[in-house]
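> the sequence and its predicted three-dimensional model are supplied below.
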Amino acid sequence: MSDIRISIANKVYGSTQQDDQFHHAIAELNFTVHPDQFVCLVGPSGCGKTTLLNMIAGLDSHYEGQIDVGRSGIIPSIGYVFQNPRLLPWHSVRQNIELVFAGQPKTELIDGLLDSMQLRDVEHQYPERLSLGMQRRVSIIRAFAVEADILLMDEPFVSLDAPTARQVRSLLYSLWQQRPHTVLFVTHDLREAIALADRLIFLSPSPMRIVSDIGVDIARDQRHDESRIEYFREQLLRHHPEIDGLL
Ligand code: ADP
Ligand code: MG
């Protein structure tokens, strides 16, 4: 894997010529993510985080600037947990997950992920029969199953209850430790971000820019220690007052 290099001069929705929908979403956003880094992107609602992930995923190429996700000629695989689960309603839970494999589903891998997410009982059900939290867990499995080089996660744990969110977070963290890969993770939850990330990037309201870019130096084996996370958070807010209004 190589660095992800993001260099966006401008991202605008709509046209500047008499368009009511004109919106300057991103301005001068430049940063580089190193291979296997776990980066949390934190910023207020509507600041442009989903827009940025769509651009990195290659789903939106209407912008001025450049995003390089790999060396020339080598295209890394990308897993994406969308902000909305986006399951296909005419496929069962298992079929929705199998879609990411070109013909050869990894049965053991899928079974293990369904067990960890407590979804084995509903693997043959259709998405409309599931709660939003369950649909979200299916979409997380689908992204994990790709075993991608780059994993993009857009507020993935938002509609999960607190114990489930904690469990899925620790599953994500252990999967990442077993098989390091680059993660870009959008969240509003500063404690969650500190528990997961190597690096926190705080983003401004539109047009989105970087306000602060801060490393998290908490040892891996202390990430489950809530008092350690809380201490880091207090220090962070004390020494970086500029991030206060962004949460
Ligand atoms: P976030 O994910 O940080 O909440 P988004 O990336 O979804 O923010 O949106 C950033 C801004 O761009 C918002 O003001 C939103 O209304 C606007 N926006 C998003 N998509 C479109 C679109 N297709 N057309 C016009 N404006 C859009
Ligand atoms: Mg969003």
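Nice, thanks for sending it over. Ligands and ions are numbered 1, 2, ... in the order given.

> show me which residues of stretch 151-165 are buried.
Within stretch 151-165, the residues that count as buried by 16 or more other Cβ atoms under 10 Å are 151-157, 159-160, 164-165. Just so you know, the C-beta spots here come from the backbone N, C-alpha and C atoms, and that holds for glycine as well.

> which stretches of this structure form strands?
Taking DSSP state E to define them, one finds strands in the chain at 4-13, 23-33, 38-42, 64-68, 78-81, 150-154, 182-186, 199-203, 210-215.

> can you give me the distance of the residue lying closest to Ile8 once chain neighbours are set aside to ligand 2?
Of all residues not flanking Ile8 in the chain, Gly65 sits nearest, at 3.8 Å (Cβ to Cβ, 6 or more residues apart in numbering). Gly65 sits 20 Å away from ligand 2, going by Cβ to the ion, to the nearest Å.

> likewise Glu192?
15 Å.

> that residue and Val168 touch, don't they?
No. Look at Glu192 against Val168 with Cβ atoms under 8 Å: they stay out of range, at 10.7 Å.

> what touches both of those two?
Phe157 (Cβ atoms under 8 Å, 6 or more residues apart in numbering).

> quick check: Leu175 touching Phe144?
Yes. The pair Leu175 and Phe144 passes the contact test of Cβ under 8 Å, sitting 6.1 Å apart.

> more neighbours: the two, which one.
Neighbour comparison, Leu175 and Phe144: the larger count goes to Phe144, with 25 against 17 (by other Cβ atoms under 10 Å).

> related to what we said a few turns ago, just put the buried residues of stretch 151-165 in a markdown table and tack on distance to Gln222.
Output for these, formatted as a markdown table (distance: Cβ to Cβ, whole Å):
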| residue | distance to Gln222 |
| --- | --- |
| Leu151 | 23 |
| Leu152 | 26 |
| Met153 | 22 |
| Asp154 | 27 |
| Glu155 | 25 |
| Pro156 | 23 |
| Phe157 | 21 |
| Ser159 | 28 |
| Leu160 | 23 |
| Thr164 | 23 |
| Ala165 | 19 |
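
> next, name the residue at the spatial heart of this protein.
Against the mean C-alpha coordinate of the chain, by Cα atoms, centre = their mean, the closest residue is Met153 at 1.8 Å.
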